[in-house]
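Based on what follows, work out the 3D shape:
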Amino acid sequence: MTTRRKFLTSGALAAGASALGAPAVMAQGSPIKWRLQTYAGAALGEEVIKPAITAFNEIAQGQMEIELYFADQLVPTSELFRAMQKGTIDAVQSDDDSMASPTEVTVFGGYFPLALRYSLDVPALFNHYGLGDIWGEEYAKVGVKHISAGSWDPCHFSMKDPVTSLKDLEGKRVFTFPTAGRFLARFGVVPVTLPWEDIEIALQTGELDGVAWSGITEVYTASWAKSAPNFLTNNISGAWIGHFFANMDRWNEVPPHLQTLMRTCFDQSHYYRQHWYWTGEARLRVEGADTKLTSIPDAEWATVEAEAEKFWDEIAAESEVKAKVVSIIKQYNETMVKAGRPYRYS
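Numbering: from 1, shown residues only. Next up, the predicted model:
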């Protein structure tokens, strides 16, 4: 009885204090409800986002619930940023590039050509080289909270016809990211933008000649392997830079402990993707029955690497923020090269 009285007294006081400091929706006893849309289609989303949302909702114990929507379910992917900024949706999982973010750092989201070799490069850059601070500042300017960044799969060509030289890419219609497409156009590639769910049919009908949107894991997960069976081992980037974002006002309404829980679940999602892709890329190269590996000789591919550095300098000339990011990317890569194996191979 004594314990019960203490609980009733202290519990009532604590509840009153919590109600004063919490958002109105919490004070009314209703859970906070968010809508989050991902760039990923349903099949891919089952791996790359659904487990994190399920875990968050379970651990939140009714205090908050995130409703998950897959690619283009609420708004087209290219309109994700505007919808989040306006509060039409509360949060987004995407790269900057795909969601047409109007920030200075957008060009670096997704696949910035040949800037990254391995998946660990992304968290290293964001947590230890200052990119996380830059992203946070740039998104705060436009009313969006940058929650976290992670490294996802590499970017390879998966084509209907085999590619063994740069000439084989000329004139090919390829589904890819905006910045990657801007770079690949230098080699005769014709970048194509389509809704994610339409890609499989576009490959089957010949509207597309291939994709440069992912590694081999997603080629199989997205059911593109049979239609684009020739997988080029040369990659445009060793890892995709992807993020979780939220409308800033909605984020500020969430109690600190749920903000921490959200960050934790999203970071766990990034971590899962690292080992899921790392093992998947290797296993499917060896065991994938629907694909064949092709390669462009190293000497020829070196021209692509040299062109990428020119591309970086062109981007750096566009603004002070872009110049700062390019400088960090260069510094990081120089350090990795000097460190030698296993960080970089000559």
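
Thought residue 61 was touching residue 258, still the case?
No. Contact criterion C-beta atoms under 8 Å: residue 258 and residue 61 do not qualify, at 10.3 Å. C-beta coordinates here come from the backbone N, C-alpha and C atoms, glycine included.

Between these two, which has more neighbouring residues?
residue 258 (18 against 8; other C-beta atoms under 10 Å).

secondary structure element for the more buried one?
Assessed by DSSP states H and E, residue 258 sits inside helix 256-287.

tell me the mean pLDDT over that helix?
For helix 256-287, mean pLDDT is 96.

That helix - contacts with which helices or strands?
Helix 256-287 sits against helix 42-48, helix 50-60, strand 144-151, helix 216-221, with contacts defined as 3 or more C-beta pairs under 8 Å, 6 or more residues apart in numbering; DSSP states H and E.

Reformat these into TSV and put mean neighbour count next to each item.
What follows is these, written out as TSV (neighbours: other C-beta atoms under 10 Å):
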stretch	mean neighbour count
helix 42-48	18
helix 50-60	17
strand 144-151	23
helix 216-221	24
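
mind checking which of these is nearest residue 83?
Residue 83 lies closest, by C-beta to C-beta, to one member of those: strand 144-151, at 11.2 Å.

element containing the residue nearest to residue 101 when sequence neighbours are not counted?
Of all residues not flanking residue 101 in the chain, residue 81 sits nearest, at 4.8 Å (C-beta to C-beta, 6 or more residues apart in numbering). Secondary structure assignment for residue 81, by DSSP H and E: helix 80-86.

give the contact list for the residue nearest to residue 278 when sequence neighbours are not counted.
Of all residues not flanking residue 278 in the chain, residue 119 sits nearest, at 6.5 Å (C-beta to C-beta, 6+ apart). Contacts here follow C-beta atoms under 8 Å, 6 or more residues apart in numbering; on that basis residue 119 touches 151, 152, 154, 238, 239, 274, 277, 278.

Go ahead and report the secondary structure state at residue 119.
Classification of residue 119 using DSSP: H, G, I helix; E, B strand; the rest coil returns coil.

Distance of it relative to residue 238?
Computed with C-beta to C-beta, to the nearest Å, the distance linking residue 119 and residue 238 is 7 Å.

quick one: common contacting residues for these two?
Contacts common to residue 119 and residue 238, judged by C-beta under 8 Å, 6+ apart, are residue 154.

The stretch 1-150 of the chain: helices as residue ranges?
2-21, 24-27, 42-48, 50-60, 80-86, 121-128, 131-140 (DSSP state H, counting those that start in this stretch).

Send me stretch 78-92 as PDB with only the CA atoms.
Extracted C-alpha coordinates of stretch 78-92, given in PDB (Å, rounded to 0.1, in the frame of the first residue of the first chain):
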ATOM      1  CA  SER A  78      11.200  13.800 -57.300                       C
ATOM      2  CA  GLU A  79       8.600  15.600 -55.100                       C
ATOM      3  CA  LEU A  80       9.600  14.000 -51.800                       C
ATOM      4  CA  PHE A  81      11.600  17.000 -50.500                       C
ATOM      5  CA  ARG A  82       8.900  19.600 -51.200                       C
ATOM      6  CA  ALA A  83       6.200  17.400 -49.600                       C
ATOM      7  CA  MET A  84       8.300  16.900 -46.500                       C
ATOM      8  CA  GLN A  85       9.200  20.600 -46.300                       C
ATOM      9  CA  LYS A  86       5.500  21.600 -46.500                       C
ATOM     10  CA  GLY A  87       4.600  19.000 -43.900                       C
ATOM     11  CA  THR A  88       2.500  16.900 -46.300                       C
ATOM     12  CA  ILE A  89       4.600  14.000 -45.200                       C
ATOM     13  CA  ASP A  90       6.700  14.000 -42.000                       C
ATOM     14  CA  ALA A  91       9.900  12.100 -43.000                       C
ATOM     15  CA  VAL A  92      11.800  10.700 -45.900                       C
END
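
for it, the distance to its chain's centre please.
16 Å (C-alpha atoms, centre = their mean, to the nearest Å).

in that stretch, what's buried?
Buried positions in stretch 78-92, judged by neighbour count with 16 or more other C-beta atoms under 10 Å: 79, 80, 81, 83, 84, 85, 89, 90, 91, 92.
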